Structures are given as structure tokens and as C-alpha cells.
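What follows is a predicted structure for the sequence shown.
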Amino acid sequence: MNDYKDVLAGKCPFGGDRIGGAQTTPPTLQDWYPNRLRVEQLHRNGPQANPLGDFDYNSAFEAIDLQALKQEIKTFLTSSVAWWPSDYGNYGPQMIRMAWHAAGTYRIADGRGGAGEAMQRFAPIDSWWDNGNTDKSRRLIWPIKQKYGAALSWGDLMVLTGNCALEIMGFPTYGFAGGRHDSWEADDATYWGPEVVDMTTVSSFDEMVNRDKRWRGSNGDADYDLEQPLAATHQSLIYVNPEGPYANGDPQASARDIRIAFTRMAMNDEETVALIAGGHAFGKSHGMVKADRIGAPPEMAPLEQMGLGWHNPEGSGAGEFTMTNGIEGSWTPDPTQWDNSYLENLFKFEWEQTRSPAGALQWTPVDKTAPQTPDAHIPGKTHPLMMMTSDLALKVDPVYRAICERFLADFDYFTLQFSKAWYKLTHRDMGPKERYLGPEKTLQDDLLWQDPIPPVDHPLIDDADIDALKRQILDTGLSVSDLAFAAFSSASTFRVTDKRGGANGARIALAPQKDWAINRRAIPVIERLRAVMAHFNDSATGGKRVSLADMIVLGGCVAVERAAADAGEAVAVPFVPGRMDTTDDRTDADSFEWLRPVVDGFRNFVDDQFEEIVEGRLSPEQVFLDRAALLGLSAPEWVALTGGLRMLGSNWDGSSDGIFTDRVGTLTNDFFTVLTSMDYEWKKADERGHRFHLTTRDGGETRFSATRNDLIFGANSQLRAIAEVYASHDGHRKLVRDFVAAWTKVMMADRFDQKREGQSD
């Protein structure tokens, strides 16, 4: 009875009257096992996270009256609200910064970042020091987002607002394309750099800005290098430290960092200068309060701040008291008008170092008669012009200086180059033009960074032609293994991050892809397929043609169908013609070199210099997981695709690693039955533990060889659980069906002409 009274009193009769944690409270699985392969990250931002369900965003966006929407945005931009008043009575410069920082996270090495998913709304990006007060910008435009609801994504709204801001200040933008699909959860997988800051102990949140672990060598050394895939020079910054590396005030050192960072963002020198000079023609920088006075970023702010961060305790905390990066002032006498005064001032005057009220290093004209800039909030008050160390970098670097001088001499040319560079900055992660939406998408231009492919200009092959071509491909004598390898090699360059790569265009036959070691096996296969193509095109009537790109993919279909049939399963691999072949002059070879894999576990490839490249910090299977993520695969798709490719004999060098079968070229489930069998044991074949031998437990006979990219499917618990499905007695038919589905997904990944993202089936 006493026990019952204790329960009624809120006490447990057996103890346990304290609660120590709840879902996600540390220590979590990752705290216990920090080196585990985080396979679950393949399912980030899944359908369960999306409150819109099967919503056709593209159709909804296309139904918007874009000009009316733009007018609403422009009307708002020249207003002001009391809780966050606009500088100079114009929110334009603030919104340019929001859009710039949303898009500027893009990096060419892995295609991650950019404005496409509106990740500026989520950790960690929303709380980077460089994004101070972008939370205010998004709250200011919330009423517009609220009005249009699901028909206008945050990603599209932020970029469009930046465009409208430029236009109201007299700048002619190059165009705007909608089609960005918002993410619905934070990104806990992207690698933003090796630096770690204990945010619970920092005294000032600008301590997030550090760079000590991402660089090799010192600025100015021949071996000075930023590790891949990073583009930002510092943790928690979008580009570079405006005060110079380590805030050292060295313009020449700043120029080196600028060139590295902007090159990693896929910008050349002229685009880099245009973006910096164009962006700094507007607005001001804010540095009225010392950093150690500013409150926590959004992810750590008190609950009652409702997702707003960086509380400023001085004065109103806004307006003339605003604090962002710590530098205070404007670059031009008219900060809300497009003109060339930024470059005119930069080159006309000599500049001396000063300090902002926040203590940040900046520069003012030596000539005290230089033009003044108006105060952003107090009528009649003026201030000296301001430049950052990163601005003076454009003056001291000889290449940047020459570009600036051309822009100074030809303002119209500068305007055009900034408009095109801004368009590239804000659209670089969207992929081919086929994905663009809206009346301002400027599809008439073929820009090299969009990886252009000629449009279809002839009748496509029909079912009878496809059947005939399949027979001709078989008649070449090309093996199942070779055909499958060539097709997969062509298609698997695709990246879901920035929609680059893929089979369309047949770029595997062009530089640089044709020269990659991993693709050498495919080149003679492609030449045989080219001969079949030429014969068909020479004999076809009515202008009908087939492209090399389609031939390569069709050869893969032939291989998979034959391999499945030989295993007793009749399947029809979907094939949709309509790919076209591009040319060298439509291919930016330098940018495509970034797509060259260091590890491709699908083809059991590991670069010879892998250990040196990763400096012992990554395993091949971690990079393999990254490759699966870039292809947009789920864990089951990853497992099925790899196991099937092994049975097809699709190793890059024709080796037998991971090919656990005596029936190479037949789509069996042997890979999985051997992988999960306890009749064998695995032994290291090298000291590094990168290659292994499988031997029988009874007798010790060596039966197969493997790499880490094979064993991970039996060693990792989540991947093994999937492998066991395919290894079961009823798993073979499922494997064939799942492999064909995953194969088709990869082959069709870049066919945006067939199904536009966001549309219902």
C-alpha cells in the first residue's frame, strides 16, 4: 500500500525518480562510435520531413505572376520597419548580402552548397559568424513568403529578392530562374572543414572564425594549399576574412586567399573582380559594437528570441548600432545607386589603416578631402569612405588590377560582367537550363558553366530501331562486363548536388574524362559503339539519328538484360532515347576535372595516391559513401547497385576483387551469399588493410580477393542488414529488380527533359 502511495505522489517505488535524458540527448551513437560509417545520412531530407508531400512545385511557381511578385518585393525594399530599420531607407544592400551569402557556399569540388535548398535557414550555416543578421533579412521578407506559401520556395525568394534589390538601385540584372526546392532539415553530413570550436565555452562568437587546420603551408609559399573540397578560407566564413588572413591587414596575402577561394567556387579572375567590385558598390558594413558584446547565434540563442540570434545590447540593437562583421562604413558616396565610384575611389586615393568602433582593421583615405559617405540613419551626418583589406587586394594583385583598370575604362563592360557573374553565382548549383523556370530564365544563351548540350534536332529512334541496335551491339562481340562498365562510367559522373555530369552529352568521349585512368577500359568499347552508331546513321531514312550518348547507355541496357537472362530472370531495362552529343568547345575541361573520382567503389577504384591525398584522415569506404550520396542513392540502392556491378565484372581495371562468383557477367546474388557466409574468413593481403583474401574456414583455401569497398557491405551493420535480404533464398529475384531500378535511376539522373524535379508522376 505504501508503494502505491509513492506512485501517486510521483515517486517510483523501485527508484529511478530522475530523468537524465530524452531522444538525441548525448551520448548518442556517434559519440560512442565516432568512426562509424553514417549510412543513415543517405536518407537525409527524406519524404517524411517534407510537410508538402507530393507537391508539384514547378507548376505552382510557373503560375505566379512574376512581375507582380517582383513589384511587391521592390515596394517592400524601399520601406522600413521599426524592429530592424533599413539603411539609407533601402533594404536592397542588405538583401543582396543575404542572397550572395546563400549562393556563395557553393563549391566546385563536390557541388555542395549554393542557394538551391535554402540551407541558410538551418544549422550550421544560419549560425556562421559571416551570416550575422541574415536571420533578420529572412524575417523581413517572411510576409511575402507567407503570402505565396508553397508556390514560392525560400531558395527562389532569397535569390529573387537579391535581383530586385539590384534592379531598384539601377543595375540591369542578367536574368532570374526559379526552380529551387527547399530542404526541410539541417545538414548534418556536409564537411565544412576540420576546425572544431566548443561553442559552450567561447567568450565571443567571432571565435568561430579560424583556419589553422584547413591550410598547408603559409600564405605566399609555393605549397600553400587549401584542402578539398573546401572553398572558404576560414571556418564560419563564406569567402575570405575581409581583414586579410589572420586579420593581418596584408592586401597581397588577401589576394592569394581570394583567388583560391573564388576559384574553388568556380569563378575565374574576371568574375571574381566583378563580384567584389559590383557587390561593394552598394550598402555598408556594420561594426559599431565589439564582438564580445554580441549574443549567441540563432542555433544557441535563448528560446524567447524565436530563432533570431546575435542579440546586440547597445542602444536599439539595430539601425546605427548594428553589428555584423565588425568593419564599419561604406565604400561609396551613394550606397544605393549603381555606379563606378567603388573602383574610382579605390584607385584614386591612397588608403591608411584604421580601426572600426568594434576594433576591426579597415582602411580610410589618406586624403581628408576625399568624398564622404552619408550616415545610414542620421540625416546630415557623414563619414569617411571605407575599404577592406580584401578590397585593396584588387589594387595590389597585378592580374586583378588589370581587370579593375578595364572596368574603370569601360563601365558598360563592367556592368555586363557583373550581371553575368551574379547570374552565375546565384544559379551555379541549379544544373542545366532545362531545370530553369520563369519568364526571365534567359535560355537563349549557352553559358559554358551550364555544361551546354545541343538540343535534339532530328527524329528519335523508335522501338524497332532500338531492337535492331541491340542486336547489332550484341554482334560486336563486346562482353557484358565491358558494355556495363562503359555505360556506368558515362552516367556515374552525375552529382545530385549541382546536377552536373551524367551520360547525356557523351562527355566520357571528350577531355578530360576520356583520359582519366578509371575510364580507360571504356574508351575502346565506346569506339566500337561509335562504329555501330555511324552505320545506323548512314543508313537511316527520314533524318533519323542516334547519338553516341544514347548508344553507350543502350549498350548498358543490353548488358544488364543479357546478364539477368543468363541468371534465369527476364527483365526489360527501360531506355529512353533523346540524349545528344556535346563538343569540346561546349565543355569546360578544367571544371570537369573536379568530377574525377579519388575513390569509386562501384568500379572498385582507389587512386594510387589515396593515402597521400587524404593524409590518413579518410577511409576508402567513407569516400565511397560520399559518392553514393552524390548520386542520390538510398542505402538499398547503393547495396544493390554495387553487388550487381560486381557480378557484371565492372571493376575499372578488370580485376577480380569483389567478384565472388564463377559466373562473371551473370546477374546472380553470389556477391551477397559469399559476403554473408560463415564458411569463409577474411585475411588482410596488405599492411594497410585495403585488400583482403577470402579463405575457406575448412582447409584454408583462398577463394576470392576483395577491397574495403567490398567488405564494408558485410562489416557495417546497416549495410549488412540489406545485404542479407539479397543473400536469402528468396533474394535473387528482388536483387535483379532492385538492381535494374537503381541502374535506371543512374542512367536517367541527368534527363531533366523527361521529368522535372518537383512534378508529380
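Arrived safely.

shaky segments in the stretch 351-500 of the chain?
Counting by pLDDT under 70, the stretch 351-500 of the chain contains low-confidence ranges at 443.

which residues in it form helices?
Using DSSP state H, counting those that start in this stretch, the helices found in the stretch 351-500 of the chain span residues 389-396, 398-409, 411-427, 463-475, 480-491.

out of the ones you listed, nearest to Pro620?
helix 480-491 (18.3 Å; Cβ to Cβ). Just so you know, the C-beta spots here come from the backbone N, C-alpha and C atoms, and that holds for glycine as well.

Which strands and helices lie in contact with that closest one?
In terms of contacts (3 or more Cβ pairs under 8 Å, 6 or more residues apart in numbering; DSSP states H and E), helix 480-491 is packed against helix 522-539, helix 548-566, helix 635-648, helix 731-747.

mind putting these in CSV, mean neighbour count included?
Converted to CSV, the helices and strands packed on helix 480-491 look like this (neighbours: other Cβ atoms under 10 Å):
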stretch, mean neighbour count
helix 522-539, 17
helix 548-566, 25
helix 635-648, 25
helix 731-747, 21
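
Which one of those lies nearest to Gln252?
The nearest among the helices and strands packed on helix 480-491, by Cβ to Cβ, is helix 522-539 at 44.5 Å.

from the chain's centre, how far out does the closest one sit?
35 Å (Cα atoms, centre = their mean, to the nearest Å).

Contacts for it next, please.
465, 468-469, 472-473, 476, 478, 482-483, 485-486, 489-490, 506, 508-509, 514, 545-548, 551-552, 555 (Cβ atoms under 8 Å, 6 or more residues apart in numbering).

Mind listing what's buried along stretch 348-364?
Neighbour-count burial for stretch 348-364, with 16 or more other Cβ atoms under 10 Å as criterion, is recorded at Phe349, Trp351, Ser356, Ala358, Ala360, Leu361, Gln362, Trp363, Thr364.

thinking the second one is in contact with Ala393, fair?
To tie it back to what came earlier, the one meant is Trp351. No: at 11.8 Å, Trp351 does not count as touching Ala393 under the criterion of Cβ atoms under 8 Å.

Now do the shared contacts for these two.
Counting by Cβ under 8 Å, 6+ apart, nothing touches both Trp351 and Ala393.

about what we covered before: quick check: which of the helices of the stretch 351-500 of the chain is buried the most?
Counting by mean count of other Cβ atoms under 10 Å, helix 480-491 has the highest mean neighbour count of the helices of the stretch 351-500 of the chain, with a mean of 27.

Endpoint to endpoint, stretch 724-734 covers what distance?
Counting by Cα to Cα, to the nearest Å, you get 12 Å between the two ends of stretch 724-734.

what separates Ala347 from Ala277, distance-wise?
Not Ala; residue 347 is Phe. Per Cβ to Cβ, to the nearest Å, Phe347 is found 11 Å from Ala277.

mind showing which ranges of the stretch 201-350 of the chain have poor pLDDT?
Judged by pLDDT under 70, no stretch of the stretch 201-350 of the chain qualifies at all.

what ranges do the helices span in it?
Going by DSSP H, counting those that start in this stretch, the stretch 201-350 of the chain shows helices at 251-264, 269-279, 341-348.

closest one to Arg562 among those?
Closest among the helices of the stretch 201-350 of the chain, using Cβ to Cβ: helix 251-264, at 43.4 Å.

same for the closest one, what does it pack against?
For helix 251-264, the packing partners by 3+ Cβ pairs under 8 Å, 6+ apart are strand 225-226, helix 269-279, helix 389-396.

And for that helix, what's in contact with it?
Against helix 251-264 from outside (Cβ under 8 Å, 6+ apart): 107-109, 219-220, 224, 226, 230-233, 239-241, 244-245, 269, 271-272, 275-276, 389-390, 392-397, 400.

now swap in stretch 356-373 and tell me
So stretch 356-373 is in contact with 243-244, 247, 249, 284, 287-291, 323, 325-333, 335, 341, 345, 349-355, 382-389, 391-392, going by Cβ under 8 Å, 6+ apart.

Out of those residues, which end up buried?
243-244, 247, 249, 284, 287-291, 323, 325-333, 335, 341, 345, 349, 351, 384-389, 391-392.

Looking at the spatially closest residue to Thr105 that is not a sequence neighbour now. What's its pLDDT?
Spatial nearest neighbour of Thr105, excluding adjacent residues (Cβ to Cβ, 6 or more residues apart in numbering): Gly113 at 3.4 Å. For Gly113, the pLDDT comes out at 97.

Distance from the chain centre to stretch 91-106, please.
On Cα atoms, centre = their mean, the centre of stretch 91-106 falls 17 Å from the chain's centre.

Tabulate the CA atom coordinates of it in CSV.
The C-alpha trace of stretch 91-106 is given here as CSV (Å, rounded to 0.1, in the frame of the first residue of the first chain):
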residue,chain,number,x,y,z
TYR,A,91,16.8,47.2,-47.7
GLY,A,92,18.4,46.5,-51.1
PRO,A,93,22.0,46.2,-49.9
GLN,A,94,21.0,44.0,-47.0
MET,A,95,19.1,41.7,-49.3
ILE,A,96,22.0,41.5,-51.8
ARG,A,97,24.1,40.2,-48.9
MET,A,98,21.5,37.6,-47.9
ALA,A,99,21.3,36.3,-51.5
TRP,A,100,25.1,36.4,-52.0
HIS,A,101,25.8,34.5,-48.8
ALA,A,102,23.1,32.0,-49.6
ALA,A,103,24.6,31.2,-53.0
GLY,A,104,28.2,31.7,-52.0
THR,A,105,28.5,28.5,-50.1
TYR,A,106,28.7,26.6,-53.5
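
Going by neighbour count, list what's buried in that stretch.
Buried, per 16+ other Cβ under 10 Å, within stretch 91-106: 91-106.

Go through these and name the one nearest Arg214.
Thr105 (15.1 Å).

Please list all residues in contact with that closest one.
Thr105 neighbours (Cβ under 8 Å, 6+ apart): Arg112, Gly113, Gly114, Met119, Ile125, Ala231, Ala232, Ile238.

Distance check, it against Gly287.
From Thr105 to Gly287 the distance is 23 Å (Cβ to Cβ).

do Asn50 as well
Asn50 is 40 Å from Gly287, by Cβ to Cβ.

Read off the pLDDT value for the nearest residue to Arg428 once chain neighbours are set aside.
Using Cβ to Cβ, 6+ apart and skipping residues adjacent in sequence, the residue nearest Arg428 is Tyr106, 5.3 Å away. At Tyr106, the model reports a pLDDT of 98.

is it true that Tyr106 touches Met430?
No: the pair Tyr106 / Met430 is not scored as a contact, 10.1 Å apart, by Cβ under 8 Å.

so what sits against both of those two?
If you check Tyr106 and Met430 against Cβ under 8 Å, 6+ apart, the residues they both contact are Gly114, Asp498.

Chain neighbours aside, what residue packs nearest to the spatially most central residue of the chain?
Nearest residue to the geometric centre of the chain (Cα atoms, centre = their mean): Arg112, 1.3 Å. Nearest non-adjacent residue to Arg112, counting by Cβ to Cβ, 6+ apart: Thr497, 4.9 Å away.

Just give me the neighbour total for Ile73.
22 (other Cβ atoms under 10 Å).

so it, which of the three states?
helix (DSSP: H, G, I helix; E, B strand; the rest coil).

how much space between it and Gly104?
Ile73 is 21 Å from Gly104, by Cβ to Cβ.

Thr676 now?
46 Å.

repeat for Asp626
22 Å.

Then Ile168?
22 Å.

picking that back up, return the subset of the buried ones among the contacts of stretch 356-373 lying in strands.
Of the buried ones among the contacts of stretch 356-373, the ones assigned to strands by DSSP state E are Lys284, Gly329, Ser330, Trp351, Pro384.

Quick check: the farthest pair among those?
Greatest spacing in these, by Cβ to Cβ: Lys284 and Trp351 (16.8 Å).

give me phi/psi at Cys702?
Quick fix: residue 702 reads Thr, not Cys. phi -80, psi 120 (degrees, to the nearest 10).

isn't it right next to Thr695, touching?
Yes: assessed by Cβ under 8 Å, Thr702 is found in contact with Thr695 at 5.1 Å.
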